[in-house]
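>>> A structural model of the following input is requested.
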Amino acid sequence: MKNQPASKWRAFLFLEMKRYHLYVEGIVQGVGFRWYARRIGVSVGVFGWVKNLPDGRVEIVVEGEEYNVEKFIQELKEGYLGDNIRDIKKFEEEYKGEFKTFEIRF
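The predicted structure follows:
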């Protein structure tokens, strides 16, 4: 760590962890959206779950480093199924660190 700017290490040591509860509306059932969300979650390094709701929406709980969580949401919108999304309701919750994977729930 010799000769390294203190701010670089400070940013590394104090990563902000986030958790969001998402409700995704649009054409998001019957199109592989849960597998799409899981693939993105695994690729960006976030944890949580995704499942279909009886009302046609998809529910997601996602947590991890703030940058990765925001990247996950952005990639949901910009990926090949992003055009199917009409709206994402996002509710911040207290970070719990309770997940070790990103899984599909049934």
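>>> from here on, contacts and neighbour counts on C-alpha atoms
Noted.
>>> Beyond the lowest-mean-pLDDT helix or strand in the chain, next helix or strand please.
Sorting the helices and strands of the chain by mean pLDDT, DSSP states H and E puts helix 6-13 at the bottom, at a mean of 52. Next helix or strand after helix 6-13 toward the C-terminus (DSSP states H and E): strand 17-26.
>>> What are the buried residues along that following strand?
17-25 (16 or more other CA atoms under 10 Å).
>>> Likewise for stretch 30-38?
33-34, 36-38.
>>> Quick one: residues in contact with it.
By CA atoms under 8 Å, 6 or more residues apart in numbering, the surrounding residues in contact with stretch 30-38 are 49-52, 58, 76, 81, 102-104.
>>> so for it, what's the average pLDDT?
The pLDDT scores in stretch 30-38 average 98.
>>> What of stretch 60-73?
Stretch 60-73 comes out at a mean pLDDT of 97.
>>> for it, how far is the first residue from the last?
Counting by CA to CA, to the nearest Å, you get 10 Å between the two ends of stretch 60-73.
>>> Which parts of that stretch count as buried, going by neighbours?
The neighbour-count criterion (16+ other CA under 10 Å) identifies 60-65, 68-73 as the buried residues of stretch 60-73.
>>> among those residues, which two are most distant?
Using CA to CA, these span at most 16.2 Å, a distance reached by 60 and 65.
>>> In this protein, mark out all the helices, start to finish.
With DSSP state H as the criterion, the chain has helices at 6-13, 33-44, 66-78.
>>> Could you export those to TSV, including columns for distance to residue 85?
Output for the helices of the chain, formatted as TSV (distance: least, CA to CA, whole Å):
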stretch	distance to residue 85
helix 6-13	34
helix 33-44	10
helix 66-78	7
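>>> closest to residue 86 out of these?
Nearest of the helices of the chain (CA to CA): helix 66-78, 9.6 Å.
>>> Next, the angle from the closest one to strand 17-26.
10 degrees (axes from the mean of the first three to the mean of the last three CA atoms, to 10 degrees).
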